[in-house]
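*Asks:* Please find the sequence and the predicted model below.
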Amino acid sequence: MRRTAPMTWLTAAVLAAGALTACGGGSGGDKDTVEVAFIKDTNTKVTVRDDYIETVARAFEKANPGKKVKLIPIQASENDYYAKIQQMMRSPKTAPDLVYEDTFLINSDITAGLLRPLDDHLAGWADWKQFEPAAKAAARAQDGKTYGVPDGTDTRGLWFNKNIFKKAGLPQDWRPRTWDEVLDAARAVKRKVPGVIPLNVYTGKGAGEAAVMQGFEMLLYGTGKDQLYDPATKKWVTGSKGFRDSLEFIRTVYAEKLGPDVSDALSPNIQTNVATELMPEEKLAINLDGSWLGQQWQPKGGGKPWPEWPTVLGRTAFPTQTGAAPGRVSLAGGWTWSVPRQAQQPDLAWKLIETFQTRHNALEWCVRGAQIAVRKDVAADPAYLKSIPGIDFFTDLVQVSRYRPALPVYPKVSAAIGEAMEAVTSGDATPQKAAADYDEQLKSVVDGQVVAKP
Amino acid sequence: MSRAAPTTTAYGTAGRGARPRRTALLRWSPLAPATVLLLLFLAGPIGYCVYIAFTDMQLTGQESASFVGLDNFRHAFGDPAFLNAVVLTLVFTLISSILGQNTLGLALAALMRRASRPVRTVTGAVVLTAWVLPEIVAGFLLYTFFERRGTLNAILDWLHLPSQNWLFTLPILAVSFANVWRGTAFSMLIYSAALSEIPQEVAESAEVDGASGRQRLWHVTLPMIRRSIGTNLMLNTLQTLSVFGLIWAMTRGGPGSRSQTLPVFMYDQAFLKSLIGYGTAVALLLLVVGALFSVVYLRLLREEV
């Protein structure tokens, strides 16, 4: 018996170590190859971004003989993508030369020293003048340096299905002025059009930042001034009424069964589900979502080609809680091209950024990806203005759009909000309890830099 | 392994100290590459993990990590989410490993001894298939099985039984069943081997003495395969403690944290919340939980009949 003991201990150690260690693949430092890491949709049919990047990469190789672009598409949900690129960027062996960064995360990655400032390159780049000031600021860190070149922005609003609205006796030019009017419309759909999900608001941890930004913050930013972060005191807000009210809205949607089935709503696949199934199959009446949805229904590269969508869908701005000025709420985000600090070919990577952001290629991306242009010349281009129905509506929302607090700690705050939403949605906690739990978590996340706001 | 005693006596007292040591070294030399590799790729990362567990290292949002002593561990024990994960891990291990895989594996092995050859072959193949499948594939299969619009509900509907939504209502049970489905083959194999080792005469003499089937099982079979039970329980438990892919694919630890066992909690903290230091500390605590189980089982094994 004695002899099996060391064996079993060894086995135990091997098994346990399996849980702890992970392997990473190495990547070469070939000086003629530039490696580009970007997110690929979890739905394999959606290839809009991949196709565009591929096109630009081939053009780059043609214009720069001898150079090669190696694409590293990372097929994952957003949260998993962030974790993946952060790990890749930590080591020179795995760091790509160019990385697609969500502005949501960029401040955090800059603080961690994962990215390179691009100011030297930007100074000598004529096209930079074409960028809107807000876009230039998107990737500017607290140290005043710029760490990324945005390739578009986005806004958020309500998409509604006119066919379903007709059946429910609701107006075709729907303009809700308060939260209650949104809920009332959803209740009308529930009463009159059975079998249809009245209203989708993303929620919970599964959808990640999509739930927090498209769902929660669209509500919170309409409840009053500085309900999340107080720029005057530079502190995060606890105990705000707006926070509880926003959670109450979420609770109402899911407790009254106005939203998708809770188990679907909390699934990480909900975004793909909504865009490629529920909306094209006309099973969803109202959807609080982003300006880019049209890319999913493009005839080429879209997850679910849907030629009729321009006539079926209407768009309207999301209202503030009680209709207070300016009456409309939108948040803006977007992605940038950035160069990791550990990149092996930073200069080649910059050249590729320039190629991505020529007027022609930038326009191409805005059209294909249903992006809102960040270059003035692209925004004025007739091809852009005609690119996709509703682009004028969403471009107009830029005026009222707000930005998330551009602070390194924001992703952690966002995770705490996601947990509060999930607790309320699943019925595990009341909005009061979830808000109190959030306050507690917030304090530890931001090291006590909080201010109470009634 | 016997010591190199004969050689020493042959050479007398002069080379007594040096000689066996050299022989031992010589004997060890073929194992040297393996030892070096183990140290490099196993002890190395584990040592590094231990170091990280005492720092506040983050994946992002932090300029440099610093040494924080036992803070991560103190934080864990005051963290309701961690305690929740510990409880869920114990529930998961108890249901899926100790009750599920172990008992079912023994039952299958015992039944298969009496089954006809074709039945044995088919059952063996089916059970083994579940075990051979990669964890992530099994995870997705079981997700589609338990999902609200999945296979299980289709069957229940067809039988006019009420449908279930366990992935949402009882996720820990769903993932436990999944683990039983996946892991029973291992126990079955171990017990099949153990049962075939029982000498025919013992079973026969018990039968002649008039022992009933249950008595034979309790007084003859189980005591004779005690060691296999111990080994099997230990391997099963340790494997179950570290199950991640299956749960991640099926529920991601949700909804809320209703199926967030320690490995999932660890991943969530380390990679999604970027708290590498804290996540690693949790990993070490998971190691401790595994060690505690091992000690208990080793004790059980040692008590000779």
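*Replies:* Received, thanks. Remember, it's a predicted structure, so these values are computed and weren't measured experimentally. Numbers count the residues shown, from 1 in each chain, chains lettered A, B, ... in the order given.
*Asks:* Helix or strand: which one has the spatially most central residue of chain A?
*Replies:* Note on chain A: the residue nearest the mean C-alpha position is A:Ala210, at 5.3 Å, using CA atoms, centre = their mean. Per DSSP states H and E, A:Ala210 falls inside helix A:209-210.
*Asks:* repeat for A:Val99
*Replies:* strand A:98-102.
*Asks:* Show me the contact partners of that strand.
*Replies:* A:34-39, A:78, A:82, A:85, A:88-89, A:109, A:115, A:139, A:148, A:209, A:333, A:335-340, A:343, A:349, A:352-353 (CB atoms under 8 Å, 6 or more residues apart in numbering or on different chains). For glycine as for every other residue, the C-beta is placed from the backbone atoms N, C-alpha and C.
*Asks:* element containing A:Val451?
*Replies:* Going by DSSP H and E, A:Val451 is part of strand A:450-452.
*Asks:* who does that strand pair up with?
*Replies:* Note on strand A:450-452: by DSSP bridges, its sheet partners are strand A:235-238 (parallel).
*Asks:* what's the average pLDDT for the helix holding A:Ala210?
*Replies:* Averaging pLDDT along helix A:209-210 yields 91.
*Asks:* all strands of chain B, in order?
*Replies:* Using DSSP state E, chain B contains no strands.
*Asks:* Distance check, the residue nearest in space to the middle of it against A:Leu228.
*Replies:* Central residue of chain B (CA atoms, centre = their mean): B:Gln239, 1.7 Å from the mean position. Noted for B:Gln239: a distance of 44 Å to A:Leu228, by CB to CB, to the nearest Å.
*Asks:* likewise B:Leu286?
*Replies:* Computed as CB to CB, the B:Leu286 to A:Leu228 distance reads 35 Å.
*Asks:* cool, and B:Leu42?
*Replies:* 46 Å.
*Asks:* Just say helix, strand or coil for the closest residue to chain B within the stretch 101-250 of chain A.
*Replies:* Nearest residue of the stretch 101-250 of chain A to chain B: A:Ser108, at 3.8 Å (CB to the nearest CB). Under DSSP: H, G, I helix; E, B strand; the rest coil, the three-state class of A:Ser108 is helix.
*Asks:* Does it touch A:Ser414 like I think?
*Replies:* No. If you go by CB atoms under 8 Å, A:Ser108 and A:Ser414 don't touch, sitting 10.3 Å apart.
*Asks:* these two touch, right, the residue nearest to the centre of chain B and B:Gly183?
*Replies:* Yes. Between B:Gln239 and B:Gly183 a contact is recorded at 6.9 Å, counting by CB under 8 Å.
*Asks:* where do the contact lists of these two overlap?
*Replies:* Joint contacts of B:Gln239 and B:Gly183 (CB under 8 Å, 6+ apart) are B:Ser97.
*Asks:* Would you list the phi and psi of A:Glu181?
*Replies:* Per-residue torsions, A:Glu181: phi -70, psi -30 (degrees, to the nearest 10).
*Asks:* Identify the residue spatially nearest to it, adjacent ones excluded.
*Replies:* A:Pro319 (7.0 Å; CB to CB, 6 or more residues apart in numbering or on different chains).
*Asks:* Tell me where the model's unsure across chain A.
*Replies:* A:1-29 (pLDDT under 70).
*Asks:* follow-up on the earlier one: where does the closest residue to the residue nearest to the centre of chain A other than its chain neighbours sit: helix, strand or coil?
*Replies:* Leaving aside its chain neighbours, A:Ala210 sits nearest to A:Tyr202 (5.1 Å; criterion: CB to CB, 6+ apart). With three-state DSSP as the basis, A:Tyr202 sits in coil.
*Asks:* Check the one 4 residues further on too.
*Replies:* For A:Gly206, the secondary structure call by three-state DSSP comes out as coil.
*Asks:* Could you check how far it is from A:Thr153?
*Replies:* 25 Å.
*Asks:* ditto for B:Thr280
*Replies:* Taking CB to CB, one finds B:Thr280 at 37 Å from A:Thr153.
*Asks:* Then B:Ser196?
*Replies:* Taking CB to CB, one finds B:Ser196 at 69 Å from A:Thr153.
*Asks:* With A:Met218 instead?
*Replies:* 16 Å.
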